[in-house]
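1. please find the sequence and the predicted model below.
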Amino acid sequence: MIRVFILGSRCNMKCKFCMSVEKELDEEIVMSGLRGMNSGDMVVFSGGEPLLYRKLENYLKFAKRRGLRTKVHTNGTLLNSCGFLDLIDVVNLPIDGPERIHDSMRGDGHFEIVMNAFDLRKEFTVTTVATKLNVEWMEETAEIINSLGRVLNWKIFKFKPKGRGKKYRREFEISDREFKMAINVARRVADVRVLAVQDPDEMRTEVVRS
C-alpha cells in the first residue's frame, strides 16, 4: 500500500504554476491513517512544503515504529536544516528542466539547491511539472536525471490551472497532445521508469487530504 498525506499548502516558495489548494490536514486524521497501515507499506508526506510542518517529525517517528517506509516530497530548500533526515527513506525532489529552464519556473538558484540535495545518502524520486516553459526540454531533463544515477522513478505531471496556477493558465497550460509527446520523449531517453500524471486529482494512489 502507498498512502499519501497532503499536509497543506503552506510553502516557502511561490511558484506561479503551483496547483496546491489544500487546507491543513488534522493531526488525528494523519495518525488514524498511519494506524491503518501495515509494516512494509509506504507513507508519503506532501504539501505545500511538508518540512515546514512541525508535526512531520512526530508523524515520521510513529511511521517508523510501525515499520513503514517513509517518503517526503520537498522542494529541497530546507533539507540542510532538517534534523530528522534519518527518519526519511526516500526524498522526492523537483527537476523541471536544465538549470535556466528550471530556475525560470522555480526561482534563481533553486536548480543548484536541488542538485546539491542529491549528495545526501538517500533514495530519490523526481517530479516534473510539464508546462509551456519546459515541454520542449524533456530530453535534456531526462539526461540530467540519468546523470544522477540514484533516482528510482520520474513522475511527470501535466500542469493543471488550479490554485495559484489558475491565474497563469496562458503562460503554462499545454495540450494533451503536447503532454503525450513529452512523455514519449522522456520514456525514450530516461534510464528510469517514467510515470505520467495527466490529472493530479485522479491519481490512483490513495491520497488523504483535508
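-> Done, it's in.
2. what about the nearest residue to Arg164 once chain neighbours are set aside, how many residues nearby?
-> Closest residue to Arg164 apart from its sequence neighbours, by CB to CB, 6 or more residues apart in numbering: Cys18 at 4.5 Å. Any C-beta I mention is one placed from the backbone N, CA and C, and that applies to glycine too. For Cys18, the count of nearby residues is 18 (other CB atoms under 10 Å).
3. please renumber the chain so that the first residue is 22 from this point on.
-> All right, first residue 22 from here; so that's Cys39.
4. so who does Cys39 touch?
-> Counting by CB atoms under 8 Å, 6 or more residues apart in numbering, Cys39 touches 32, 184-186.
5. wait, isn't Lys176 in contact with Thr149?
-> Yes: between Lys176 and Thr149 there is a contact under CB atoms under 8 Å: 7.5 Å.
6. give me the buried subset of the contacts of Cys39.
-> 32, 185-186 (16 or more other CB atoms under 10 Å).
7. from those, which is closest to Glu120?
-> Distance to Glu120 across those (CB to CB) is lowest for Cys32, with 21.4 Å.
8. confirm that closest one sits in a strand?
-> No: assessed with DSSP: H, G, I helix; E, B strand; the rest coil, Cys32 is coil; it does not lie in a strand.
9. how close does the spatially closest residue to Phe139 that is not a sequence neighbour sit to Ser125?
-> Nearest residue to Phe139, sequence neighbours excluded (CB to CB, 6+ apart): Leu169, at 5.4 Å. Relative to Ser125, Leu169 is positioned 21 Å away (CB to CB, to the nearest Å).
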